[in-house]
Structures are given as structure tokens and as C-alpha cells.
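[1] A predicted structure for the sequence below; I have some questions about it.
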Amino acid sequence: MTKNGVKSRRGLLAAGVLGVAGAGVAKAQAGESWKPKKQIIGLKPGQSTKGMLLSGCIRSGHLLFFAGIGGWYPERRKEPGDVKVQIRSALESLQTRLQQAGSSMSNVLKITIALSDMPSNFAPMNEVYKEFFPEEPPVRSVFPASTYHRKEQLLQMDAIAYVD
């Protein structure tokens, strides 16, 4: 589907998945092994991936995969704050990383949030979340989390977006 000549996020995600799958089938039929192209985004010049446990952002084709965006890091902000402060911090971090990768919040396809104390934190988290996605929000899953290695951390987020 299109809206004003722009493909929908859902359509782009489906096309991306089918494109990756189709490329794999074509190479397999030709007797070649297929591997998705993978580029780590956000490395500093000369920085090596050796010894890294995870990458904050991977680009494969037109898709961006973000993982482990926490709501509070003591080296960035002294006080952990409540869930509104932490979801704002996580979404602002995602926004910055998207811009660095050549994308934007309007290109986010999916977000997964692990949230501690779901009964108390779900509604206030949604208040701030809506500010970042006022129209055509991405698909989203939220599930309960018990604790993190920093007990004051209330959430962690992953995201998938596209870049032209």
C-alpha cells in the first residue's frame, strides 16, 4: 500500500524480508552459499570489533537493527529517574543513533521494550512513547522484566528501522 506515494512501513518490512529470503534462494539455486551483508554502525575510526560482545546497531541492506538501549546509564545521567525519564532517554538515544545511520524515527518498523514493574510503569511509559510516535507508530511488543544488572534501570529497548 502507498500513502501519498510513500510505501507503508509494513510493506517495506515485508519487501525487505522477502528480498532477503529471495536473494538466499537465488544463490542457493546457483550453488552458492548466501550470507546477509552486515555492517556495524557507530564504530569510531580505527575501532575494532574484536572482543565486542554486541553491536549497538547493525545494518543489513536497507534495514537497521538496534539492541540493548537502556533507560539509564550512570555515566550519562547521575539519577536514574522514573519510567518517563528513562523511556525518553532511551527514545532520544534511538533517535540519535537513527540519525547517525541516515534514518529517522518515522522509519522505525518495530520496537520491543522489556519493562520492569509493568502495572505501575506501562501507562506513564506510553505517555512519553506517544510523543515520539504521534502518527503511524511502529509495531511494538512490551513484556515484563524482573531486574537488570543496574537495579534502578526500568527498561531496555530493541528496534528495527529502515534506511533509504
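    That came in fine, so what should we check first?

[2] number of nearby residues for Ser146?
    7 (other Cβ atoms under 10 Å). Quick note: C-beta positions are derived from backbone N, CA and C, even for glycine.

[3] Is Tyr129 in a helix, a strand, or coil?
    Put simply, Tyr129 is helix when judged by DSSP: H, G, I helix; E, B strand; the rest coil.

[4] Can you report how many residues neighbour it?
    Quick note: Tyr129 (other Cβ under 10 Å) scores 20 neighbours.

[5] which residues in the protein form helices?
    9-29, 83-100, 118-132 (DSSP state H).

[6] same for the shortest one, what does it pack against?
    Just to be clear, that refers to helix 118-132. Under the contact criterion of 3 or more Cβ pairs under 8 Å, 6 or more residues apart in numbering; DSSP states H and E, helix 118-132 touches helix 83-100, strand 108-116, strand 139-145.

[7] Of all the ones you listed, which one is nearest Gln39?
    For those, proximity to Gln39 was assessed by Cβ to Cβ; helix 83-100 is nearest, at 12.8 Å.

[8] Please save the CA atoms from the closest one in PDB.
    What follows is helix 83-100, C-alpha atoms only, in PDB (Å, rounded to 0.1, in the frame of the first residue of the first chain):
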ATOM      1  CA  VAL A  83      10.000   5.500  33.800                       C
ATOM      2  CA  LYS A  84       9.000   8.700  31.900                       C
ATOM      3  CA  VAL A  85      12.600   9.900  32.200                       C
ATOM      4  CA  GLN A  86      14.000   6.600  31.200                       C
ATOM      5  CA  ILE A  87      11.800   5.900  28.200                       C
ATOM      6  CA  ARG A  88      12.500   9.500  27.000                       C
ATOM      7  CA  SER A  89      16.200   8.800  27.400                       C
ATOM      8  CA  ALA A  90      16.000   5.500  25.500                       C
ATOM      9  CA  LEU A  91      14.000   7.000  22.700                       C
ATOM     10  CA  GLU A  92      16.200  10.000  22.400                       C
ATOM     11  CA  SER A  93      19.200   7.600  22.200                       C
ATOM     12  CA  LEU A  94      17.400   5.700  19.500                       C
ATOM     13  CA  GLN A  95      16.700   8.900  17.600                       C
ATOM     14  CA  THR A  96      20.300  10.000  17.700                       C
ATOM     15  CA  ARG A  97      21.500   6.600  16.500                       C
ATOM     16  CA  LEU A  98      19.000   6.600  13.700                       C
ATOM     17  CA  GLN A  99      20.200  10.000  12.500                       C
ATOM     18  CA  GLN A 100      23.800   8.800  12.700                       C
END
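
[9] Fine, thanks again, bye for now.
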